[in-house]
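>>> fold the following.
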Amino acid sequence: MKPFDPKNYVYTAHQTYKYHQEYQQFLKENAHLAAPFHVKGLEELLPKRFPGDLTVHFAKSHEGKSTAIRQDAIRAQEAVQDTDFMIALGSLEDNAETTAAKFINLYGGDVNKYTDDQMLFIGRRFGMKADEMSMLNIDNFRNSLRWSLDEFKGKKGFSHIYLDYVQIVPQSDKALSKERRDQAFYATQQLAEMASEFTCPVDFASQALLKQPNSHYGKGKQMRIPSAADLKEAGELYEIPGVAISYWMPKRQPDTPVGTSIEESGWKFTVQSNLIFVSIEKWRNCEFQKDKDGDQFDVVGRKFPCWIQKDGSLLYDKEKHNRMVITSVAEKEK
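Residues are numbered from 1 along each chain as shown. Alright, predicted model coming up:
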């Protein structure tokens, strides 16, 4: 580990203002590379992510994180149509064959939209040997991205990079130890460096590591939306990324199956099979951006009920949202 150097952490007011001006200029110059949010209906309510931004999507098992990554990748691929940029999706969750099947389905069966070679898949394939699969650690994922830029000479670079998901990435010998926490810490560091090296947003999925949420949303016991506390087994998974988004499907909980009436913490609704909550736990640089009305974004801590559509996409409906909350809360959301 490198020795601590105070000069890298101490800034005068003049220096912070200079960095502020430089960052504002950076956002302006890279507006064409900004990535919209993957949920239809939330694109204008949430800020865009810019080159260098690292985002963690976290949830308990089978509660939406992989779905979110795939939807985000589709939106990113659509944004680079007819350009010289690519997106990259790394996955140990799916293999090449199942990835193709899922994306073609999400594109409504349109093979051409998926196979235009503006999306690269980095992962395993059917029949790959176990020792080959174990080689795709976070270092070799990064090396694969570098190799791709050399291999595909006609491409300028990546517009977005994704990894699904960080806990199942094979161990790296460069981490401090083989302990799960140290491996997750090292992988997150590498992902943050990739966002800088490849000058694009990087998103990765993470398990909410605890079997039961460490803290409930509000004072009740049924709104079990994961929060920062649910990543404390490896706190760097939350601390290093600039954006942290959690997902929660009420129907997956043993005490809130489909049809359950929930009334707590300002919410009042009946659990549906396709209902999923998207919670903005952190968005570090949202104050640097302006919404369509020229106002600062106020998104941190907000919970958005969304609905999974037949094609797998996520949809947010503000009117439905307002009908699900107690009147006093709904008034604040307007």
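
>>> look up how far E151 lies from Y9.
As judged by C-beta to C-beta, to the nearest Å, Y9 and E151 stand 39 Å apart. (Each C-beta comes from the backbone N, C-alpha and C, glycine too.)

>>> for those two, indicate the residue with more neighbours.
Neighbour count, other C-beta atoms under 10 Å: between Y9 and E151, E151 has more, with 10 against 7.

>>> what are the phi and psi values for that one?
Dihedral angles of E151 (phi, psi; degrees, to the nearest 10) stand at phi -70, psi -40.

>>> which parts of the stretch 151-300 of the chain are helices?
Here the stretch 151-300 of the chain has its helices, by DSSP state H, counting those that start in this stretch, at 180-197, 236-239.

>>> hey, least reliable of those by pLDDT?
With a mean of 78, helix 236-239 has the lowest mean pLDDT of the helices of the stretch 151-300 of the chain.

>>> how long is stretch 305-322 end to end?
Stretch 305-322 has its terminal residues 10 Å apart, counting by C-alpha to C-alpha, to the nearest Å.

>>> any idea how far it is from the middle of the chain?
In terms of C-alpha atoms, centre = their mean, to the nearest Å, the centre of stretch 305-322 is found 18 Å from the chain centre.

>>> would you list the helices of the stretch 151-300 of the chain in a markdown table and tack on mean neighbour count?
Converted to a markdown table, the helices of the stretch 151-300 of the chain look like this (neighbours: other C-beta atoms under 10 Å):
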| stretch | mean neighbour count |
| --- | --- |
| helix 180-197 | 20 |
| helix 236-239 | 20 |
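
>>> ok, which of these comes nearest Y316?
Nearest to Y316 among these is helix 236-239 (23.7 Å), distances taken as C-beta to C-beta.

>>> so what touches that closest one?
Where contact means C-beta atoms under 8 Å, 6 or more residues apart in numbering, the residues beyond helix 236-239 that reach it are 56, 58, 166, 184-185, 188-189, 206, 228, 231-232, 244, 281-282.

>>> could you rerun that using 10 Å?
56, 58, 166-167, 181-182, 184-189, 192, 204, 206-209, 227-232, 244, 246, 281-282 (C-beta atoms under 10 Å, 6 or more residues apart in numbering).

>>> check stretch 145-154 too.
By C-beta under 10 Å, 6+ apart, stretch 145-154 touches 84, 86, 88, 90, 117, 120, 122, 140, 144, 155-158, 161, 194, 197-198.

>>> poorly predicted segments of the stretch 201-334 of the chain, please.
209-220, 231-235, 327-334 (pLDDT under 70).

>>> try it again with 80
208-222, 224-238, 285, 287-296, 311, 326-334 (pLDDT under 80).

>>> now the strands for it?
All strands of the stretch 201-334 of the chain, identified by DSSP state E, counting those that start in this stretch, fall at 202-207, 243-248, 261-264, 267-270, 275-283, 303-308, 314-316.

>>> columns mean neighbour count on top of those, output as a markdown table?
What follows is the strands of the stretch 201-334 of the chain, written out as a markdown table (neighbours: other C-beta under 10 Å):
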| stretch | mean neighbour count |
| --- | --- |
| strand 202-207 | 26 |
| strand 243-248 | 26 |
| strand 261-264 | 14 |
| strand 267-270 | 16 |
| strand 275-283 | 22 |
| strand 303-308 | 20 |
| strand 314-316 | 19 |
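
>>> could you export the ones you listed as TSV, including distance to K65?
Output for these, formatted as TSV (distance: least, C-beta to C-beta, whole Å):
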stretch	distance to K65
strand 202-207	4
strand 243-248	6
strand 261-264	22
strand 267-270	22
strand 275-283	11
strand 303-308	13
strand 314-316	12
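
>>> which of the three states applies to the residue minimising distance to the centre of the chain?
Most central in the chain under C-alpha atoms, centre = their mean is H57, positioned 3.8 Å from the mean C-alpha point. Classification of H57 by DSSP: H, G, I helix; E, B strand; the rest coil places it in strand.

>>> who does it bridge with?
On the basis of DSSP bridges, H57 is bridged to A205, I245.

>>> ends of stretch 191-205, what's the gap?
Its first and final residues considered, stretch 191-205 spans 11 Å by C-alpha to C-alpha.

>>> ok, the closest residue to M194 other than its chain neighbours - contacts?
Nearest residue to M194, sequence neighbours excluded (C-beta to C-beta, 6 or more residues apart in numbering): V202, at 5.4 Å. Taking C-beta under 10 Å, 6+ apart, we find V202 in contact with 49, 51-56, 88, 158, 160-163, 190-196, 241.

>>> ok, V202 to Y11 distance?
V202 is 25 Å from Y11, by C-beta to C-beta.

>>> surely R49 and A35 touch.
Yes: counting by C-beta atoms under 10 Å, A35 is a contact partner of R49 at 4.6 Å.

>>> between those two, which one's more packed in?
R49 (27 against 22).

>>> tell me which of the contacts of stretch 145-154 fall in strands.
Residues of the contacts of stretch 145-154 located in strands (DSSP state E): 86, 88, 90, 120, 122, 157-158, 161.

>>> which of these tops the neighbour count?
The most crowded member of those, judged by other C-beta under 10 Å, is I161 (28 neighbours).

>>> and N285, how many residues sit next to it?
Applying other C-beta under 10 Å, we find 16 residues neighbouring N285.
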